[in-house]
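**Q** here is my input, please return the structure:
(2 chains)
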Amino acid sequence: MYAQPVNKVPTRNPLIKLKMACKANVYALCVVSRFSAAIVGGYIFTAVFTSLLSLILPLKKSDAVLLSISLTIFVYSCVFIWAFAVKSLKTIWITILLTSSACGLSIALLKDWL
Amino acid sequence: MKESFFRSMTWMHTWVGLLVCWLLYLVFFAGTISFFRDEVTLWNQPALHSLQAPQERIALQREQIIAGVDYLKATAPESGRWGIYLPTEREPQLNYAFEKPRPEGRRFGGWQDYYINPKTGESLQQPRETKGGNFFYRLHFDLHYIDVRTARWIVCFASLFMLVALISGVVIHKRIFKDMFSFRKNKGSRSWLDGHNVSSVLALPFHIMITYTGLITLIFMLFPYPAMTAYDDGIRGFFNDVTPTNVRTKSSDVPAPLTAIDNVLDQIYTNWPNADLTRFSIKDPNKASATITVRASTGTLVRDQTPTMLFNGVDGSLIAKSVDEYSSTEVFYDSLTALHTGRLANPLLRWLYFLCGVAGCIMIATGCIMWAKRIRERMKKDQKASFGLKLVEGLNLATLMGLPLATCAFFIANRLLPVGITQRADKEILAFFITWLAVALFSLFKRAKMQWYLLAWVNAVACVSVPLINALTTKGSIVSYLLNSQWALFSFDLVCLVCALLFVLQAKKLRTQLNSPAANTRSNRVNKNSLVEQKG
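**A** Numbering: from 1, shown residues only, chains lettered A, B, ... in the order given. All right, here's what the predicted structure looks like:
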């Protein structure tokens, strides 16, 4: 009959607690996620992308490595900035994961790891 | 992430910059000093002050090497490593060094130096134990007291943030040309923004170059993956491929006589006529596994890899020689590192490097001061400062004013600590960090204008006392350096005096602001209005 004051009941369920805490700090979590996309995601993408580059560049083996290594920082900083320029966090994470795994897969195919 | 690209970049520039600015200030500060690494080391060694490089420096090298090998044969036949360090244009002394006995479990026992006057061949009064410019060089990327690898990762990430902040800084900059010439005085945070812009824009190519190439110098730690993918035996395979002199030999205990040095020298000079050699080192001398490594200077070439030759130490045959002709990619990669280290620079270019480094320090310093100023200006009258603002202000005071003072303490300790005490070099470094800690504790207590004013005076006094104590404790002084045209030492003292003058000016400026708080708040209010106008 009477509506229960749901909000005031302290919940014991840690999952719900976590969810509530998340809701309260949505902005902070977004910032953390964006920074980790830029730092960690950017690092992983750069690592696999330049590794692939060192395999497919039509140069002597040592030259291919040196050139792709010289470009790593450029790639990394581009990804970093892009992670802050794009609005949707989902787009960023999906793009990074998809492109990184595509590069990783190509390396595995080229090196006959599969 | 914000409404527009422009605003996202502004947001990112602020936070990426603020997060690491104090570490970056340390890196830039120490890096700027490291451009004069050899000169700073020379200043820290009064025993070497009177030395002057002989005119016929290169012609003497052959004799010096032969004499050095004779000396080391007689003095340290059992040592695991000998090194003959020849005088260069920046380091006047000749050094015959050998490795001290290795402590248990260590791979290297450290060098026992023996300094010689290259003109007369006489041994010099042995120098005091000091790290000199090498301390700042190491501090620049290894920090101190923490694990070297961890430190390098931290510095790398700070540098990446720096690079990203630089790029976004260019993006958010609307009038790059106009800002080069505009500096509005006494306008609160507006003036700090102008200072930030001028110092960034004037030396922008340098800032981007030095940050990018700095990351390249540590790239094989940061991104070993391309080499690991392309080579089946990983990084080592890659290095063996690009550097033919990277040959590892197993040490043996079987005694064997050393080859005739004349024979080795003949081969060197046939391969490299007119070579300017820098180092002649012998590993496992008097053993069957002996090898001789010779390095030559690259001079003013934009190249970092030194030309190297490796000889068998028993029969004197050439084992390997560095590549003379680089492929275009190798030139590209190697020039990146060479631009960062600046070993190629002649004195004029070195000063330009130094001034650009100073501009970088100013850029970072004005950036972090501006953040705190802006928040303060936007605060309402009865509002209390947040913890974050207090933290930033504290770190600003501790870093910006603490680091110069700590540097002065390092140099003063170099002159005042008794020469004979044990672990002298470490005690100089301890003086550096204790001073810095003291300033940090002081700024924990209060961070207002008054504290800046006090520290400006302390810094000014410390800067003056460095050349003063030098004059009192050594034979030379800034006047005698000028008269004898000892430019390295003269410039060192002069830079100290210029810094002292700047700190006095800072103190004077702060004094006027402290005396007229009314005028100060008024200018702030004007400034707030102008900010509002700008936004509109």
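
**Q** thought residue A:80 was touching residue A:40?
**A** No - counting by C-beta atoms under 8 Å, residue A:40 is not a contact partner of residue A:80; they are 11.0 Å apart. All C-beta atoms are positioned from the backbone trio N, CA, C, and that covers glycine.

**Q** quick one, strands of the stretch 301-450 of chain B?
**A** Counting by DSSP state E, counting those that start in this stretch, the stretch 301-450 of chain B forms strands over residues B:308-312, B:318-321, given from the N-terminal end onward.

**Q** could these be laid out in CSV, adding mean pLDDT and mean neighbour count?
**A** Rendered in CSV, the data for the strands of the stretch 301-450 of chain B read as follows (pLDDT from 0 to 100; neighbours: other C-beta atoms under 10 Å in any protein chain shown):
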stretch, mean pLDDT, mean neighbour count
strand B:308-312, 90, 20
strand B:318-321, 88, 16
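
**Q** and of the ones you listed, who's closest to chain A?
**A** Evaluated with C-beta to the nearest C-beta, the strands of the stretch 301-450 of chain B place strand B:318-321 nearest to chain A, the distance being 15.8 Å.

**Q** contacts for that closest one?
**A** B:244-245, B:247, B:267, B:271, B:291, B:308-312 (C-beta atoms under 8 Å, 6 or more residues apart in numbering or on different chains).

**Q** can I get the strands of the stretch 301-450 of chain B in JSON lines including distance to residue B:507?
**A** As requested, the strands of the stretch 301-450 of chain B are exported to JSON lines (distance: least, C-beta to C-beta, whole Å):
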{"stretch": "strand B:308-312", "distance to residue B:507": "52"}
{"stretch": "strand B:318-321", "distance to residue B:507": "58"}
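
**Q** thinking again about what came up before, ok, residue A:80 and residue A:40, which is more surrounded?
**A** Neighbours were tallied for residue A:80 and for residue A:40 using other C-beta atoms under 10 Å in any protein chain shown; the higher tally belongs to residue A:80 (26 against 11).

**Q** against residue B:443, how distant is that one?
**A** For residue A:80, the distance to residue B:443 (C-beta to C-beta, to the nearest Å) stands at 32 Å.

**Q** which residues of chain A lie near chain B?
**A** Contact residues, chain A versus chain B (C-beta under 8 Å from any C-beta of the partner chain): A:30, A:34, A:39, A:46-48, A:50-55, A:59-70, A:72-74, A:76-77, A:80-81, A:84-87, A:107, A:111.

**Q** among the residues you listed, name the ones in helices.
**A** Restricting these to those inside helices, with DSSP state H as the criterion, leaves A:30, A:34, A:46-48, A:50-55, A:61-70, A:72-74, A:76-77, A:80-81, A:84-85, A:107.

**Q** low pLDDT regions in chain A?
**A** Judged by pLDDT under 70, chain A has its weakly predicted residues at A:1-11.

**Q** with chain B instead?
**A** Residues of chain B that meet the criterion pLDDT under 70 lie in B:1-2, B:175-181, B:517-536.

**Q** the strands in it, which residues?
**A** With DSSP state E as the definition, chain B shows strands at residue ranges B:81-85, B:94-99, B:111-112, B:115-116, B:277-283, B:291-296, B:308-312, B:318-321.

**Q** so in that sheet, which strands flank the last one, and in what orientation?
**A** Neighbouring strands of strand B:318-321 in its sheet, by DSSP bridges, are strand B:308-312 (antiparallel).

**Q** angle of the partner strand against strand B:277-283?
**A** Regarding strand B:308-312 and strand B:277-283, their directions subtend 30 degrees when assessed with axes from the mean of the first three to the mean of the last three C-alpha atoms, to 10 degrees.

**Q** chain A contacts on the stretch 251-400 of chain B?
**A** Proximity of the stretch 251-400 of chain B to chain A, by C-beta under 8 Å from any C-beta, involves residues B:327, B:329-330, B:332-333, B:336.

**Q** excluding chain neighbours, what is closest to the most centrally placed residue in chain A?
**A** Nearest to the geometric centre of chain A sits residue A:41, at 3.0 Å (C-alpha atoms, centre = their mean). Take residue A:41 and drop its neighbours on the chain: the residue closest to it by C-beta to C-beta, 6 or more residues apart in numbering or on different chains is residue A:96, 4.1 Å away.

**Q** check which helices and strands the helix or strand containing the one you found sits against.
**A** Following DSSP states H and E, the helix or strand that holds residue A:96 is helix A:89-110. If you count contacts as 3 or more C-beta pairs under 8 Å, 6 or more residues apart in numbering or on different chains; DSSP states H and E, helix A:89-110 packs onto helix A:26-36, helix A:42-56, helix A:61-85.

**Q** CA atoms only: put the shortest one into CSV for me.
**A** Think helix A:26-36. Only the C-alpha atoms of helix A:26-36 are listed here, as CSV (Å, rounded to 0.1, in the frame of the first residue of the first chain):
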residue,chain,number,x,y,z
VAL,A,26,30.6,9.5,-13.6
TYR,A,27,32.7,12.4,-14.7
ALA,A,28,35.8,11.3,-12.9
LEU,A,29,35.5,7.8,-14.3
CYS,A,30,35.2,9.2,-17.8
VAL,A,31,38.4,11.1,-17.3
VAL,A,32,40.2,8.1,-16.0
SER,A,33,38.9,6.0,-18.9
ARG,A,34,40.0,8.6,-21.4
PHE,A,35,43.5,8.9,-19.9
SER,A,36,43.9,5.1,-19.9
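
**Q** list the buried ones in that helix?
**A** If you call a residue buried by 16 or more other C-beta atoms under 10 Å in any protein chain shown, then helix A:26-36 has these buried ones: A:34-35.

**Q** between helix A:61-85 and it, find me the angle.
**A** Here helix A:26-36 runs at an angle of 170 degrees relative to helix A:61-85 (the same axes, to 10 degrees).

**Q** check contacts around residue 42.
**A** If you meant another chain, say so; for now it's chain A. A:76, A:79-80, A:83, A:96.

**Q** oops, I was thinking of chain B
**A** Taking C-beta under 8 Å, 6+ apart as the contact definition, residue B:42 lies against B:48-49, B:90-92, B:132, B:488-489.

**Q** which ones among those residues lie within helices?
**A** In helices, defined here by DSSP H, the members of the contacts of residue B:42 are B:488-489.

**Q** turn the contacts of residue B:42 into CSV, including distance to chain A.
**A** As requested, the contacts of residue B:42 are arranged in CSV below (distance: C-beta to the nearest C-beta, whole Å):
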residue, distance to chain A
B:48, 39
B:49, 41
B:90, 29
B:91, 31
B:92, 36
B:132, 31
B:488, 34
B:489, 38
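
**Q** would you map the helices across the stretch 1-150 of chain B?
**A** Residue ranges of the helices in the stretch 1-150 of chain B, as given by DSSP state H, counting those that start in this stretch, are B:5-34, B:37-43, B:61-75, B:133-142, B:148-171.

**Q** out of the ones you listed, which is the most enclosed?
**A** Comparing the helices of the stretch 1-150 of chain B on average neighbours per residue, with mean count of other C-beta atoms under 10 Å in any protein chain shown, the densest one is helix B:37-43 at a mean of 22.

**Q** export that helix to PDB, keeping only CA atoms.
**A** Provided in PDB are the C-alpha atoms of helix B:37-43 (Å, rounded to 0.1, in the frame of the first residue of the first chain):
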ATOM      1  CA  ARG B  37      78.400  18.800 -18.700                       C
ATOM      2  CA  ASP B  38      82.100  18.800 -19.300                       C
ATOM      3  CA  GLU B  39      82.500  22.500 -18.400                       C
ATOM      4  CA  VAL B  40      80.600  21.900 -15.100                       C
ATOM      5  CA  THR B  41      82.800  18.900 -14.300                       C
ATOM      6  CA  LEU B  42      85.900  21.100 -15.000                       C
ATOM      7  CA  TRP B  43      84.600  23.800 -12.700                       C
END
